[in-house]
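>>> what follows is a protein structure lacking sequence information:
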């Protein structure tokens, strides 16, 4: 049976996946370089990217290790775990997008990150959501691990990673996906409240805790709907009920 051609939205989802994936993968160079500078071996940095594969958690881990050494190992692991909690909530959101099947869900578990979730949920068609998720997740995973190896091998040879703008690549790509969704006053209020809480607490709390506190603030503001208006157009359900089952 001939495979049907992709729709315009499906092609757009694939392009977004590649664009976000490549931009995020480049950030892996900075992780590899900083990991070795923090005292990890090349193979240890690579194993972290292969197994943990959560940029925020990885940077939290090496950040604490760099400041406290081996003695701070417990705190480093706790910080990484706290940041990794958000992926569990992503999994709940993506469950209907991924669909049933043990092996499919097992593979999706490793690829459930900020970027794959953002690209998937930015689409409105079910098939486009799945394409966005898998393309983004696979491109980031393969590219991130290759760039981690490159950064770890180069080490201090590349100098200050911020000079190349790699520290902002992933954040810029994610912000580009998030920005169009900040149209309603309530959504803007949630974003401002979460950002304010994270900024306020970052100098005082261990890595990971400000992110969780910001998530709690976002949930509270979202539930209270303090700035919601009846004429605010809600974001469409990424998977309309009548389109859940495809022929």
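It's in. Computed from a predicted structure; not experimentally measured.
>>> how many other residues sit next to residue 10?
19 (other C-beta atoms under 10 Å). In this view, the C-beta of every residue, glycine as well, is placed from N, C-alpha and C.
>>> please read the previous query as pertaining to residue 216.
Around residue 216 there are 11 residues (other C-beta under 10 Å).
>>> that one: which element?
Assigned by DSSP states H and E, residue 216 falls within helix 209-224.
>>> other SSEs contacting that helix?
helix 73-98, helix 185-201 (3 or more C-beta pairs under 8 Å, 6 or more residues apart in numbering; DSSP states H and E).
>>> among the ones you listed, where is the model least confident on average?
If you rank the helices and strands packed on helix 209-224 by mean pLDDT, helix 73-98 sits at the bottom with a mean of 70.
>>> show me what secondary structure element comes after it.
helix 102-111.
>>> helix or strand next in line after that next one, which one?
Past helix 102-111, the next helix or strand by DSSP H and E is helix 114-121.
>>> what's the angle from that following helix to helix 102-111?
With axes from the mean of the first three to the mean of the last three C-alpha atoms, to 10 degrees defining the directions, helix 114-121 sits at 120 degrees from helix 102-111.
>>> what comes up buried for stretch 210-228?
Buried positions in stretch 210-228, judged by neighbour count with 16 or more other C-beta atoms under 10 Å: 210, 211, 212, 213, 214, 215, 217, 218, 221, 222.
>>> for stretch 134-144, same thing?
134, 135, 136, 137, 139, 140, 141, 143, 144.
>>> hmm, who's touching that stretch?
With contacts defined as C-beta atoms under 8 Å, 6 or more residues apart in numbering, stretch 134-144 is touched by 13-14, 16-18, 20-22, 24-28, 31, 49, 53, 55, 108, 110-113, 115-116, 119-120.
>>> surely residue 191 and residue 184 touch.
No. Between residue 191 and residue 184 there is no contact, the gap being 10.5 Å when judged by C-beta atoms under 8 Å.
>>> what about burial for the contacts of stretch 134-144, which qualify?
13-14, 16-17, 20-21, 24-28, 31, 49, 53, 55, 108, 111-113, 115-116, 119-120.
>>> pLDDT on stretch 152-163, on average?
Mean predicted confidence for stretch 152-163 is 68.
>>> so the nearest residue to residue 131 once chain neighbours are set aside is in which element?
Nearest non-adjacent residue to residue 131, counting by C-beta to C-beta, 6 or more residues apart in numbering: residue 13, 4.7 Å away. Element membership of residue 13 [criterion: DSSP H and E] is helix 8-26.
>>> what packs against the next helix or strand after that helix?
Scanning forward in sequence from helix 8-26 by DSSP H and E, the next helix or strand is helix 28-37. Using 3+ C-beta pairs under 8 Å, 6+ apart, the elements in contact with helix 28-37 are helix 42-51, helix 55-68, helix 126-154, helix 166-178.
>>> in terms of mean pLDDT, which of the ones you listed ranks lowest?
Among those, helix 166-178 scores lowest, with a mean of 55.
>>> got a list of what the residue nearest to residue 131 touches?
Taking C-beta under 8 Å, 6+ apart as the test, what residue 13 contacts is 119, 123, 128, 129, 131, 132, 135.
>>> now the second one: phi and psi?
Meaning residue 123. phi -90, psi 160 (degrees, to the nearest 10).
>>> that one: how many residues sit nearby?
Using other C-beta under 10 Å, residue 123 has 22 other residues around it.
>>> thought residue 122 was touching residue 133?
No. At 10.5 Å, residue 122 does not count as touching residue 133 under the criterion of C-beta under 8 Å.
>>> quick one, which of those two is more surrounded?
Taking neighbours as other C-beta under 10 Å, residue 122 and residue 133 compare with residue 133 leading, 26 against 21.
>>> next up, the contacts around that one.
Residue 133 neighbours (C-beta under 8 Å, 6+ apart): 17, 94, 97, 98, 108, 111, 116, 117, 119, 120.
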